[in-house]
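*Asks:* Generate a structure from the sequence data that follows.
(one chain, ligands or ions: 1)
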Amino acid sequence: MIKAKKKFGQNFLKDINILNEIIKTIPNDQNKIVEIGAGLGDLTVHLLQIGDVVAFEIDEELCSFLSNRFKNEILNNKLKLICGNVLDIWKKDQPLLENNYKLIANLPYYIATKIIMNGLEDKFCKNMVLMIQKEVGNKFLAKSGLSDFSSLSIIAQSVCDIDFVVDVPPTSFEPQPKVNSVVISFDKLNLTDEQNIDQNFKEMLNFAFLQPRQTLYKNLSKVLSQNLVTEIFDTLQFNRSIRPHQLDIKDYHQIYKILKRHKS
Ligand code: SAM
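*Replies:* Numbers count the residues shown, from 1 in each chain. Predicted coordinates:
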């Protein structure tokens, strides 16, 4: 019997109802399916019924188990199994595949945010249906005004439609994690290069949310000149006591426009 390894975030999904919810949410298109962290292959087996799969798995022991379990699918090129750390392959500014794909995964929680950020940036990644820690999921789903509304919410919601799919309790896994989980779907919007977000926009958000309980005015004043911060607040008619989570996404895009104008 294979023992779950904590260091790889191994919590195997055993709840067939949750598996069905994930499958139901997968978009019906011809794009390839990518799975990160195939584990024992219990999700992979369902994914193979929908289309061709490229699966990544870091754990050598699980990799040889999967090679054996999916011998035929690998031989028939239905499944490409890549053994190794997905983040060694999926580096910044590099696509994971050279064709459009959808990412479906019960993610290892210790790298979930990094993987989602890569997926948001990768132009070939068109959709994601992901199981992640509930607390992290709330940050991606949060709307303006909620305390969870953060740079993650703004980045993700600027480029995707994001939907809650289902809550998942620890009892759905073997072994059980200490935290609650959630399945979320991300569908990329059709954006022009102009509308897409860039590195400087992300940097601006990092400054805006530097101290989330502080006022936006104070956070921005730490990195921008007083004149510029005043111009932003006057032009956009923001109250100086506003906190970073109280603005909405379009407000942040407006701030960025002003900053870009100043740089050029
Ligand atoms: N898909 C399986 C399931 O639903 O039961 C397993 C999910 S388990 C939460 C996460 C899986 O990701 C584990 O099999 C783990 O070994 C694998 N993993 C962890 N870190 C990884 C990495 N950096 N690259 C590829 N796979 C990784």
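
*Asks:* And the pLDDT at the residue sitting furthest away from the middle of the chain?
*Replies:* The C-alpha centroid of the chain is most remote from Asn227, which lies 36.1 Å away (Cα atoms, centre = their mean). The score at Asn227 is 95. That number is its pLDDT.

*Asks:* Look up the closest residue to Ser151, ignoring the ones flanking it.
*Replies:* For Ser151, ignoring the flanking residues on the chain, the nearest one in space by Cβ to Cβ, 6 or more residues apart in numbering is Leu205 at 3.7 Å. The C-beta positions use only the backbone N, C-alpha and C, and glycine is treated the same way.

*Asks:* and the one you found, what element?
*Replies:* In this assignment (DSSP states H and E), Leu205 forms part of helix 199-208.

*Asks:* pLDDT averaged over that helix - what is it?
*Replies:* Mean predicted lDDT for helix 199-208 stands at 95.

*Asks:* i'd like the first residue to be 45 from this point on
*Replies:* Taking 45 as the first residue, the last one we looked at is helix 243-252.

*Asks:* List the buried residues in that helix.
*Replies:* Phe245, Met248, Leu249, Phe251, Ala252 (16 or more other Cβ atoms under 10 Å).

*Asks:* which residues touch the first one?
*Replies:* Spelled out, that is Phe245. Ile199, Tyr296, His297, Tyr300 (Cβ atoms under 8 Å, 6 or more residues apart in numbering).

*Asks:* what's the closest non-adjacent residue to the second one?
*Replies:* Read that as Tyr296. Ile198 (5.6 Å).

*Asks:* Val209 versus the one you found, what's the distance?
*Replies:* Applying Cβ to Cβ, to the nearest Å, the value for Ile198 to Val209 is 21 Å.

*Asks:* In terms of neighbours, single out the busier of the two.
*Replies:* Ile198 (26 against 18; other Cβ atoms under 10 Å).

*Asks:* For whichever residue of the chain sits closest to the ligand, grab phi and psi.
*Replies:* Across the chain, no residue is closer to the ligand than Gly81, which sits at 2.0 Å (Cβ to the nearest ligand atom). For Gly81, the backbone dihedrals are phi 80, psi 70 (criterion: degrees, to the nearest 10).

*Asks:* Which pLDDT value goes with the nearest residue to it once chain neighbours are set aside?
*Replies:* Spatial nearest neighbour of Gly81, chain neighbours left out: Pro152 (5.2 Å); criterion: Cβ to Cβ, 6+ apart. We have a pLDDT of 96 for Pro152.

*Asks:* how about Pro152, what does it touch?
*Replies:* If you count contacts by Cβ under 8 Å, 6+ apart, Pro152 has them with Phe52, Gly53, Gln54, Ile80, Gly81.

*Asks:* Could you rank the residues you listed by neighbour count and give me the top one?
*Replies:* Going by other Cβ under 10 Å, Ile80 tops these with 27 neighbours.

*Asks:* now the strands: where do they sit in the stretch 45-194 of the chain?
*Replies:* Secondary structure of the stretch 45-194 of the chain by DSSP state E, counting those that start in this stretch: the strands cover 56-57, 76-80, 97-101, 123-127, 145-150, 169-177.

*Asks:* Show me what the longest one is in contact with.
*Replies:* Residues from elsewhere that reach strand 169-177 (Cβ under 8 Å, 6+ apart): 57, 62, 66, 69-71, 73, 75, 78, 139-140, 144-151, 153, 156, 159-160, 162-163, 209, 212, 221, 223-232.
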